[in-house]
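J.: okay, here's the prediction I keep looking at, along with the sequence it came from:
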Amino acid sequence: MFEICVESDFCAAHRLNNYRGACENLHGHNFKVEVVVRCKKLNQIYIGIDFKELKKYLKEILSTLDHRYLNEIDYFSKTNPTSEMIAKYIFETLKPHIKDCMLYSVSVYETSTSKVTYTED
Ligand SMILES: Nc1nc2c(c(=O)[nH]1)N=C([C@H](O)[C@H](O)COP(=O)(O)OP(=O)(O)OP(=O)(O)O)CN2
Ligand SMILES: [Zn+2]
């Protein structure tokens with residue numbers, strides 16, 4: 001089994017409703033995102049999934065979040081734009097693009113010391 005990982009980032013603002021602390025106030029982050037795909041087979045040039053292809057899909061998805069006020073995005077309107085929900089959104093949006101391999105996890109770093117990983121397990 002091969003684990004293929006790419007990283008990207010985006011900047012966005014959010015506020016956590018009902019948090020009862022500073023994070024309830026409008027604030028922003030440079031979010032870092034890590035995606036892990038698992039592949040059992042390699043193609044004829046020994047690639048599981050091309051980093052470039054994976055980064056292209058991820059970039060398209062992150063462009064829907066970049067420089068946005070996340071609370072205004074439909075996906076988060078009934079929840080909260082926490083790292084948990086951001087990771088789930090990226091996972092669910094990326095999954096249909098991954099053929100022949102398995103999207104394993106999406107991790108979101110809200111700060112350099114705070115990370116959430118979403119998997120379907
Ligand atoms: N499980 C989660 N906990 C928190 C989330 C979250 O999305 N999931 N989000 C926040 C806030 O948005 C906050 O901006 C991030 O909190 P934190 O990592 O504590 O950021 P700090 O810069 O305050 O970190 P320090 O290391 O304490 O300086 C809160 N919790
Ligand atoms: Zn925050």
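T.: Happy to help now that I have it. Numbers count the residues shown, from 1 in each chain. Ligands and ions are numbered 1, 2, ... in the order given.
J.: hey, let's count contacts and neighbours off CA atoms from now on
T.: OK.
J.: list the contacts of the helix or strand where Gly28 lies.
T.: Take DSSP states H and E as the rule and Gly28 turns out to sit in strand 27-39. Here strand 27-39 makes contact (CA atoms under 8 Å, 6 or more residues apart in numbering) with 1-15, 48-49, 100-111.
J.: now find how far off-centre the helix or strand harbouring Phe10 is within its chain.
T.: Using DSSP H and E, Phe10 sits within strand 2-14. Its chain's C-alpha centre and that of strand 2-14 lie 6 Å apart, by CA atoms, centre = their mean, to the nearest Å.
J.: what helices and strands are in contact with it?
T.: strand 27-39, helix 51-62, strand 68-69 (3 or more CA pairs under 8 Å, 6 or more residues apart in numbering; DSSP states H and E).
J.: please repeat the previous calculation with a cut-off of 6 Å.
T.: On a contact count with 3 or more CA pairs under 6 Å, 6 or more residues apart in numbering; DSSP states H and E, strand 2-14 meets strand 27-39, strand 68-69.
J.: tell me how many other residues surround the closest residue to Lys41 other than its chain neighbours.
T.: The shortest distance from Lys41 to any residue other than its chain neighbours is 6.2 Å, reached at Gly48 (CA to CA, 6 or more residues apart in numbering). If you count neighbours by other CA atoms under 10 Å, Gly48 ends up with 20.
J.: for the residue in the chain sticking out farthest from the centre, helix, strand, or coil?
T.: In the chain, Gln44 marks the outermost C-alpha relative to the chain mean, sitting 29.2 Å out by CA atoms, centre = their mean. Secondary structure, DSSP: H, G, I helix; E, B strand; the rest coil: Gln44 is coil.
J.: how close does it sit to ligand 1?
T.: With distances taken as CA to the nearest ligand atom, to the nearest Å, Gln44 is found 41 Å from ligand 1.
J.: quick one, phi/psi of the nearest residue to Ala12 once chain neighbours are set aside?
T.: Nearest residue to Ala12, sequence neighbours excluded (CA to CA, 6+ apart): His67, at 4.8 Å. When read as degrees, to the nearest 10, the backbone of His67 gives phi 60, psi 40.
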